[in-house]
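Chemist: mind folding the following:
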Amino acid sequence: MKVMRIAWLGVSAMALGAAGPPIDPNWPCVQRLVPSLTASTLWGGHDAAGDWRANPQVATVVAAVSPRGISAQDGAARLDRFVATVPNADRPAQLALVFAGLVDETNLQRAQVIERLRGIAQRQRTLTELTSRITAELRALPVDAPVGQREEIVSRRAFLIREYEDIERTIRYACEVPVQMEAKLGTLAQTLQRGLAD
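Modeler: So this is what the prediction gives:
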């Protein structure tokens, strides 16, 4: 149990910490980019044997617990109820399969969030370039340029700046999502580990 918690704390610290410059130029978050999670990081010594999808009970509990809309607490409660139905002798194999399924589903969801964040970062970079060009265009206007021409450029620049600021707020929120998903997976891992110890 202690080994399990130490492993999870290590992953948590790695995910939550700002670890130097991003390795992906399209990764906008201060949190280190971890493209995918592995079961062995949180579930040492309990390798899943077989395909979790082939076991109807396992597939059902994974489908019930893994959606993002299910909180870590509700998911843990659902896992506790599932564990109570599994005979002690079958728990190592069954619970390892459950966790393999939870890792797979979490990785699928995280991949979607990561791709969305990358797309947002690309849009933000494009906005920065457009704003720089429009600012240069504004500065290059002659003093006697028509007022309407100047106002049109100022209006376009203001629109781009507002869009950039909206994206910045979105990024600050969205960057927390992968971390929250990792934390939920850690809570579920601890729940399953307790089921093995009972």
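Chemist: any stretches of the chain with poor pLDDT?
Modeler: The model of the chain has pLDDT under 70 over residues 1-23, 45-46.
Chemist: gap between the residue lying farthest from the centre of it and residue 164?
Modeler: Within the chain, residue 144 marks the point farthest from the mean C-alpha position, 52.1 Å out by CA atoms, centre = their mean. Look at residue 144 and residue 164: by CB to CB, to the nearest Å, they are 31 Å apart. Every C-beta, even on glycine, is put in place using the N, C-alpha and C of the backbone.
Chemist: residue 148 too?
Modeler: Per CB to CB, residue 148 is found 25 Å from residue 164.
Chemist: between the two, which one's more packed in?
Modeler: residue 164 (17 against 8; other CB atoms under 10 Å).
Chemist: residue 127 is in contact with that one, correct?
Modeler: Yes - look at residue 164 against residue 127 with CB atoms under 8 Å: they come within range, at 4.6 Å.
Chemist: tell me the SS of the residue farthest from the centre of the chain?
Modeler: Classification of residue 144 using DSSP: H, G, I helix; E, B strand; the rest coil returns coil.
Chemist: dihedrals phi and psi, it?
Modeler: Backbone geometry at residue 144, expressed as degrees, to the nearest 10, gives phi -90, psi 20.
Chemist: how about the strands in this protein?
Modeler: Using DSSP state E, the chain contains no strands.
Chemist: skipping its backbone neighbours, what lies nearest the residue nearest the centre of it in space?
Modeler: Geometric centre of the chain, nearest residue: residue 178, 1.6 Å, by CA atoms, centre = their mean. Counting by CB to CB, 6 or more residues apart in numbering, residue 110 is the residue found nearest to residue 178 once chain neighbours are left out, at 5.3 Å.
Chemist: that neighbour: neighbour count?
Modeler: 20.
Chemist: ok, it to residue 95 distance?
Modeler: 22 Å.
Chemist: then residue 190?
Modeler: 12 Å.
Chemist: higher neighbour count, these two?
Modeler: For residue 190 versus residue 95, neighbours defined as other CB under 10 Å are more numerous around residue 95 (26 against 18).
Chemist: ok, and the closest non-adjacent residue to that one?
Modeler: Here the residue nearest residue 95, using CB to CB, 6+ apart, is residue 192, at 4.6 Å.
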